[in-house]
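Asker: got a predicted structure plus its sequence, pasted below:
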Number of protein chains: 2
Amino acid sequence: MKQYLKTAPWQIIEEKFHPSRMRASESIFSLGNGRFGQRGNFEEHYSSDSLQGSYLAGVTFLDKTKVGWWKNSYPRFFSRVPNAPDWSGMRIRLIDEELDLAVWDVQDYLRQLDMKSGISYRSFVATSPKGNTLSIKITHLNHMMEPNLCMIRFEVKSINYSGKLSVVPYLDANVKHESANYDEQMWTTLRSETKEDVAYLWTQVKREDTQVCMAMGYQAQYNGEPLDKYSILIEKEQAVGYNVGCQVKPNDTLEVDKFVTIVSSLYESRNDIVDSTVSDLRRYMKVGWNELIKDHQAYWKKLWNDSDVVIQGDEQAQQGIRFNIFQLHQSYQGRDHRLNIAAKGFTGEFYGGNTFWNTELCCLPYFLLSSRQDIARNLLLYRETYLQKAIANARKLGIGGGAALYPMMTITGEESHNEWEITFEEIHRNSIMAYAIVQYICWSGDIDYLTPHGLRVLIAICRFWALRVTWSQRCQCYMLLGVTGPNEYENNVDNNWYTNFSCRQTLLDTLKMLKLAHQHNEAGTHAVLEEVQLADGELQKWQEIADKMYLHQDEKTSLFIQQDGYLNKVMQNVDEIPSEERPINQHWSWDRILRSCFIKQSDVLLGLYLYRDHFDQETIRKNYEFYAPKTVHESSLSPYVHCILAARLGKLDEAYNLFLQATRMDLDDYNHEVNAGLHVTSMAGSWMALAHGFAGMMLKKQVLTFEPVMPSQWTCYELKVNYLDCAVKVTVHPDAVDVLLLDGDELSVRIYDKTVLCKKKVLQTIAY
Amino acid sequence: MKQYLKTAPWQIIEEKFHPSRMRASESIFSLGNGRFGQRGNFEEHYSSDSLQGSYLAGVTFLDKTKVGWWKNSYPRFFSRVPNAPDWSGMRIRLIDEELDLAVWDVQDYLRQLDMKSGISYRSFVATSPKGNTLSIKITHLNHMMEPNLCMIRFEVKSINYSGKLSVVPYLDANVKHESANYDEQMWTTLRSETKEDVAYLWTQVKREDTQVCMAMGYQAQYNGEPLDKYSILIEKEQAVGYNVGCQVKPNDTLEVDKFVTIVSSLYESRNDIVDSTVSDLRRYMKVGWNELIKDHQAYWKKLWNDSDVVIQGDEQAQQGIRFNIFQLHQSYQGRDHRLNIAAKGFTGEFYGGNTFWNTELCCLPYFLLSSRQDIARNLLLYRETYLQKAIANARKLGIGGGAALYPMMTITGEESHNEWEITFEEIHRNSIMAYAIVQYICWSGDIDYLTPHGLRVLIAICRFWALRVTWSQRCQCYMLLGVTGPNEYENNVDNNWYTNFSCRQTLLDTLKMLKLAHQHNEAGTHAVLEEVQLADGELQKWQEIADKMYLHQDEKTSLFIQQDGYLNKVMQNVDEIPSEERPINQHWSWDRILRSCFIKQSDVLLGLYLYRDHFDQETIRKNYEFYAPKTVHESSLSPYVHCILAARLGKLDEAYNLFLQATRMDLDDYNHEVNAGLHVTSMAGSWMALAHGFAGMMLKKQVLTFEPVMPSQWTCYELKVNYLDCAVKVTVHPDAVDVLLLDGDELSVRIYDKTVLCKKKVLQTIAY
């Protein structure tokens, strides 16, 4: 754990310049608007270590697969979101010096990410090697309502400098992608042009035909007065921009506002892309900075109004959970079902901008339960959109019959991953796709979604399971051999309990959903079954597999066994590992990790959380007490799950610590890797930890139920929840709960064993 | 299986030009002399598909590791023998055309590898697009007695051409290494020079400081008369040579003999390398072609005299086993303990010229039993030489205490391999290192080898096992978790029976060897134990592990179980796989392969062969009949093991087919991969199949014993065997065995239950 940022309820604050934490800060201060985003790179020149990163949603580069030893059925390409042409750059030049915080003396450094308004600020006083001192303030935002617009303001004041001062806003396609497999340049510049008012850069991704156009303009003020448009045009093949200069003396100020529009061919035809990008820019510049920023702030205001979480008495937790919500909404607006959420959002190259099962496990329920349900629906549609590719993916592994295996990592539906024990074996990911559909139906009540969307996907997944199981003649049951469970510190194991259980539940839930669909829309259901050519006996086969699924339980202890060989390992607890060897994935050989009993992330316990209705408290407790001490939480997907179980088991201190870890995973860099980007998708877990863990939120016979507990560190917490057509605000006090129906006419809400009927906007307080 | 070569007892013959089989022929017609070797590339220009390959023993390039997902403790570099500067090239030019069999019409093509004399011949008549016809004969040898010398003769006769004819012998450092990880150029040219009589090329391997100098000269005859030394000097930065030309008319002949000396800095100081290479060349050229070739032929004559195997009545088997013996001796002469045998010898890039456990499993016993025992000793010394690197390798995995893990692939002792399930987990390789030492002691009687050489290695290996086992609390026994057995179609399994059994035997054999060493050389043994700081209790611990090693045996069937989960798989036989899906490693997804019951190569059965003294016939039969039908033999290490067991079980037809497969693996391309090179190391297996399988050779209470059987396809077979200080020729007839002591004074030999005392050079015939 490495803390260096200040705690505040609505802001992320870096009060001192930390060059050694540059990459970490770049990750944490990332900005996005769902359509594009970038790391918190210094806009000005910075000659020391940094990871420059700007990314565009859905824009992919096919990087040739790089492996040591090829395995049959590996994908030929690794799809990645390439580091985009740099649209943020603004240099500051004196007559013969250039601002560079790696070289200049820095004072009064302050970086603030204001989450309430979605704006990043940075200010400092810097003195050049020659003794020239400037005071600078930078404002940066990616507009949430205008999805093509980025705005950056530089306010530069001379403290003691007299002479030529230039601010140079530019666009630059000559960028590196640090983790490219073969050091290839990923961008071709099709055309660049610098006009008097607008400069643009028209580019295309190599090996793909996706095009991107960026246009920029600026507005400048000298001592508060508009600066005469006198600037030098920058017209390079791969870079365009302006050198905006004036003569200054001490106390003079130069302010330059940079406006950038960014459009990809996902949203504009290739024929019109340049004109459209340029004309958008001109329109925005006409509207002007002040009006534009108001819309942006209004967007965030509404968003917080709908989705804020309040935790009183604990600024760390408060800041953490707001940071998580903020980053989630920056990464995904949920308006385009071709897009999904990259594991690291727009905050780094790691994982190549690909989507994992994290989306369905974490993000989708967050959006479903606490934000707009249509976001969740679009995330489901994303998987349906790429169903045929998932079917092709299974076929590639030798599993036909219309079976689908969703990829481990993907952007546009193709598998990107190339590590056999994960790509081919971490197949439990298929079940969470089905789980998400079922959750969506239950919480939104949108049964219509099943025909044809949901059913198609559910059936294809069940077909996969039906062909992937092995009938063990010896044991007379169905097994799943050669899998990797959520605990990626065990690979290629037999009968991972979570995988087996979730497979079984997927089959059973699908059978239920088929019944529901029949009842709700018989004709539509028949049409789907005909379309997918459901054969006689398929449903019976699924029932049989579910009935005879092997679920390894230890005879003596009745524990669920993580995988067949788990109990042969040497049993140890995490606290026996010397702290200097943590995280073990940065200190131990892979061999040692694999052979140890240590669990990367919740595995059996994930099943006990997801399918918690199926287990009594005693079973959960026993397994929790066995597995939790062996879990190193070296995945961001893990602490929140343990937090939920711990809270439900009344282990409040433990739950509280896990909550902080889940919520401040990146702010406090628990796993020593925030430099590579934020764990955006798992950030949603902290909301789940609050809702399902502390607030004990669940559906009991379709009644929205809370069974809250209160960690001693808090005085009150509040969250908003969607259920069916209703939205409810729930405020938990130490001995009572306030419930307020925000949307919908009425809703029964249960607090422990008391059920109240809530009417819209009528506050009810229920003691517990 | 793909046959296209003619069968002959002493030769490999390609009677027709097969451009589509070019890479295969290049592999099969490879030449080597232990110090260097090359694929059977056309010496002249060839513009169509080909894999050019020339390799120098012990010369390595550090190729940066290429993996998709880094695992802790992967090696930073992959050592590979780089494709060396081309020393074989000789172009043939007409006035405005160049010989190129990809373009010219070819008639009377004949390629012959004469194994008796170690010379490759190629002859053909070729007609150019312009109608010019030449008749050409090429002779090529790598000198076995002069380890620096390569000789190539071109005899060119004009059939209908009049005009300038040039033969261009050259050296060229501008070569590609097809499978380089990052397309790097691997050679730097330090200096090149073309003098009147000698041209040389002085080069260095990039990233390493190994230097190589090659020098060449030529001797030419025009119509049988020495050609006046008039040639054009070729003096390029990376290439040197001569354009040897004359005016010809139909029936004229031009003969050019190229002499090349090749010296690496392993054998000459960097200061002297150029002078030495050049002066060697001058000396050889003075001796001349005819004398030099006599020495080379004499070498092979002696070699065949010592090590030939005769199989009567079966030319295919006869040719196959001679090809194997020939290739083994071409690949390794056993005079330098810094060298080992690359899995593909000098015949291809595949496996990067690295050595595997194949050497100890296959090659070492072949040399020990049928060739010079000092070769076997040098192979053992090779591993001892790199013991400290093996200790460092174990330490890297977290296993200290002086434990050694020998690398999976290596040239100079460092691990090259980077595939976790093999690199870190296929650790049974450690046991065969120990097994080889024990075999060497038993068969050679060279007990002196134990102190200090053998013991050091044995102890370090036992220390590895003692730290790598896991005590299963639940089962109260020692287990080996997370291993890959010889069957690489199952990865990361628990309790691979072969690994567990060979671990146990290594511990027990080491304890025995320690006793023997004590008896034989007490002071020396104590010195070793002191040197390695053997702690109190280590030996007891090894005994305890051996006593309590888990050896999974099925209760119902009493079969040895390949790994803990094996019996849960769907049991099928190989004959259920459609032939168009064979080999499965070229047709099935890796996932499907892993989950299937199919076995890449002998695994349990390998243990039953290596440790056959420990098992009764019934146990071997039962396991053979269970596992053999599930084995796809997609490793060249497999058929010979099955052949031995089948022969001992009296399954003679099966044994015969396996023998052909083992012996003609490459000639008949059973596994569709001969294009990439020959399976040089496993070639030794065919000798073992004959000796241990058909001839039933073994030590029974230290008496050399044969219990021969005769496949119906054969009338007689003969092999020579070393035991202690003796060499015996054994000729097996259908009902009697001839035994002749070639070396040594006397030796007891047993045929089934009859023991005879053999005296030197006295033939004895024993009926059976």
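Answerer: Perfect, thanks for sending it.
Asker: up against chain B, what does the stretch 451-600 of chain A have?
Answerer: The stretch 451-600 of chain A comes close to chain B at residues A:470-475, A:479, A:481-482, A:491-494, A:564-565, A:567-571, A:585-595, as judged by C-beta under 8 Å from any C-beta of the partner chain. C-betas here are computed from N, CA, C, even on glycine.
Asker: tell me the secondary structure at residue A:766.
Answerer: Secondary structure, DSSP: H, G, I helix; E, B strand; the rest coil: residue A:766 is strand.
Asker: now list the buried members of the residues of the stretch 451-600 of chain A next to chain B.
Answerer: By neighbour count, with 16 or more other C-beta atoms under 10 Å in any protein chain shown, those hold A:470, A:472, A:479, A:481-482, A:491-494, A:564-565, A:567-569, A:585, A:588-595 as buried.
Asker: what are the buried residues along stretch A:255-273?
Answerer: Neighbour counts over stretch A:255-273 (16+ other C-beta under 10 Å) mark A:255-266, A:268, A:273 as buried.
Asker: residue in the stretch 401-550 of chain A nearest to chain B?
Answerer: Closest contact between the stretch 401-550 of chain A and chain B, by C-beta to the nearest C-beta, is at residue A:424 (3.7 Å).
Asker: just checking, which helix or strand of chain A averages the lowest pLDDT?
Answerer: strand A:231-235 (a mean of 90; mean pLDDT, DSSP states H and E).
Asker: show me what the helix or strand following that one is packed up against.
Answerer: Moving toward the C-terminus from strand A:231-235, the next helix or strand (DSSP states H and E) is strand A:239-248. Applying 3 or more C-beta pairs under 8 Å, 6 or more residues apart in numbering or on different chains; DSSP states H and E, we find strand A:239-248 packed against strand A:163-172, strand A:187-194, strand A:199-205, strand A:211-222, strand A:231-235, strand A:253-264.
Asker: if we use 6 Å, what do you get?
Answerer: Counting contacts by 3 or more C-beta pairs under 6 Å, 6 or more residues apart in numbering or on different chains; DSSP states H and E, strand A:239-248 packs against strand A:163-172, strand A:199-205, strand A:231-235.
Asker: list the buried residues in the first one.
Answerer: By neighbour count, with 16+ other C-beta under 10 Å as the criterion, the buried positions of strand A:163-172 are A:165, A:166, A:167, A:168, A:169, A:170, A:171, A:172.
Asker: what does the shortest one give?
Answerer: Buried residues in strand A:231-235, counting neighbours by 16+ other C-beta under 10 Å, are found at A:231, A:234.
Asker: now the angle from it to strand A:187-194?
Answerer: Using axes from the mean of the first three to the mean of the last three C-alpha atoms, to 10 degrees, the direction of strand A:231-235 lies 150 degrees away from that of strand A:187-194.
Asker: likewise the first one?
Answerer: Going by the same axes, to 10 degrees, strand A:163-172 is angled at 130 degrees with respect to strand A:187-194.
Asker: contacts for strand A:163-172?
Answerer: A:86-87, A:89-93, A:95, A:154, A:201, A:214, A:216, A:218, A:234, A:239-241, A:243-245, A:247-248, A:254, A:256, A:258 (C-beta atoms under 6 Å, 6 or more residues apart in numbering or on different chains).
Asker: quick one: mean pLDDT for it?
Answerer: Mean per-residue pLDDT for strand A:163-172: 97.
Asker: near chain B, which residues of the stretch 301-450 of chain A are found?
Answerer: A:397, A:398, A:418, A:419, A:420, A:424 (C-beta under 6 Å from any C-beta of the partner chain).
Asker: looking at these, which are in helices?
Answerer: Counting by DSSP state H, the part of those found in helices is residue A:420.
Asker: residue ranges in the stretch 551-700 of chain A under the pLDDT threshold?
Answerer: Applying pLDDT under 70 to the stretch 551-700 of chain A picks out no residues at all.
Asker: residue boundaries of the helices in it?
Answerer: Taking DSSP state H, counting those that start in this stretch, the helices of the stretch 551-700 of chain A run over residues A:590-595, A:604-610, A:617-627, A:639-648, A:652-663, A:684-688.
Asker: redo those helices as a markdown table? Include distance to residue A:186.
Answerer: Formatted as a markdown table, the helices of the stretch 551-700 of chain A follow (distance: least, C-beta to C-beta, whole Å):
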| stretch | distance to residue A:186 |
| --- | --- |
| helix A:590-595 | 30 |
| helix A:604-610 | 36 |
| helix A:617-627 | 43 |
| helix A:639-648 | 35 |
| helix A:652-663 | 34 |
| helix A:684-688 | 30 |
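Asker: and of those helices, who's closest to residue B:132?
Answerer: Nearest to residue B:132 among the helices of the stretch 551-700 of chain A is helix A:590-595; the distance by C-beta to C-beta comes to 62.1 Å.
Asker: for the closest one, give me every contacting residue.
Answerer: Here helix A:590-595 makes contact (C-beta under 6 Å, 6+ apart) with A:489, A:584, B:71, B:72, B:397, B:398, B:420, B:424, B:481, B:482.
Asker: adding distance to residue A:81, write those out as a markdown table.
Answerer: Formatted as a markdown table, the contacts of helix A:590-595 follow (distance: C-beta to C-beta, whole Å):
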| residue | distance to residue A:81 |
| --- | --- |
| A:489 | 28 |
| A:584 | 30 |
| B:71 | 25 |
| B:72 | 27 |
| B:397 | 35 |
| B:398 | 36 |
| B:420 | 28 |
| B:424 | 32 |
| B:481 | 39 |
| B:482 | 35 |
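Asker: closest one to residue A:9 out of these, please.
Answerer: Lowest distance from residue A:9 to those (C-beta to C-beta) belongs to residue A:584, with 34.5 Å.
Asker: show me the contacts for the closest one.
Answerer: For residue A:584, the contacting residues are A:593, A:632, by C-beta under 6 Å, 6+ apart.
Asker: hmm, try it at 8 Å
Answerer: Listed by C-beta atoms under 8 Å, 6 or more residues apart in numbering or on different chains, the contact partners of residue A:584 are A:577, A:592, A:593, A:596, A:598, A:632, A:634.
Asker: biggest separation within those residues, which pair?
Answerer: Across these (C-beta to C-beta), the longest gap, 13.8 Å, separates A:592 and A:634.
Asker: OK, now which residue of the stretch 201-350 of chain A is nearest to chain B?
Answerer: For the stretch 201-350 of chain A, C-beta to the nearest C-beta, closest residue to chain B: residue A:350, 11.7 Å.
Asker: got the residues of the stretch 301-450 of chain A next to chain B as JSON lines, with distance to residue B:543 columns?
Answerer: As requested, those are exported to JSON lines (distance: C-beta to C-beta, whole Å):
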{"residue": "A:397", "distance to residue B:543": "46"}
{"residue": "A:398", "distance to residue B:543": "47"}
{"residue": "A:418", "distance to residue B:543": "45"}
{"residue": "A:419", "distance to residue B:543": "40"}
{"residue": "A:420", "distance to residue B:543": "39"}
{"residue": "A:424", "distance to residue B:543": "42"}
